[in-house]
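K.L.:
the following block contains a protein sequence and its predicted model.
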Amino acid sequence: MSDSFITIIAIFLAAILMFIFPLMSMADRTDDISQLAVQTATTEFVDKVRTTGRLTLDDYDQFVSTLASTGNSYDIEMTIYHLDENPGVKVTQADITKVGENLYYNEYTTQINEKLDESGRINLKEGDMFSATVKNTNRTIAELLRGFFYSVTGNDTYQVAGQHGGTVAVNGSSK
């Protein structure tokens, strides 16, 4: 009786070692590859906006399709910090190059998407800042397996994310 019980436990442990752990390892590697792809795509998208001075609907659509190619769904948050064109209203010696005197007003994802849908592009000027944050909204296989075996789940957890931002280097053309 005890020999059959030990045999059953040994078969169960062997199955776990032979199938479950390699599956978890492969799922983690898939998430790592998705993470790298998302971070690279986010960096390229933001850097293109920063170096051209404009955000176009075509660039945004290409960014979204690149993210979708990873097989996950994502929440994309964008923010534009517009440099105030008249920072010297309240200050008598305003200089746009001085640190601490620049004033910014913000536009967020919904406002940006509305402008892109209306005109197809947003022109930025030198000194504006642009940032994008991407987080997956679906649960990956690695998250599901980890949650099943380790019971470490939560509503606000995400496995794949990317973030990048910076200052616009040139004025966007109206062409």
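P.N.:
Sure thing, it's come through. Numbers count the residues shown, from 1 in each chain.

K.L.:
ok now stretch 111-128, how far from the chain's centre?
P.N.:
Chain-centre distance of stretch 111-128: 19 Å, with Cα atoms, centre = their mean, to the nearest Å.

K.L.:
got the end-to-end distance for that stretch?
P.N.:
Counting by Cα to Cα, to the nearest Å, you get 16 Å between the two ends of stretch 111-128.

K.L.:
ditto for stretch 13-31
P.N.:
One end of stretch 13-31 to the other measures 26 Å (Cα to Cα).

K.L.:
now do the contacts for the residue positioned nearest the centre of the chain.
P.N.:
Using Cα atoms, centre = their mean, the residue of the chain that lies closest to the mean C-alpha position is residue 134, 1.9 Å off. By Cβ atoms under 8 Å, 6 or more residues apart in numbering, the contact list for residue 134 reads 38, 42, 67, 74-77, 161-163. Where you see a C-beta, it was placed from the backbone N, CA and C, and this is true even at glycine.

K.L.:
flag every buried residue along the top helix by length along the chain.
P.N.:
Counting residues, the longest helix in the chain under DSSP state H turns out to be helix 21-52. Buried residues in helix 21-52, counting neighbours by 16 or more other Cβ atoms under 10 Å, are found at 24, 27-28, 30-31, 34-35, 37-39, 41-43, 45-46, 49-50, 52.
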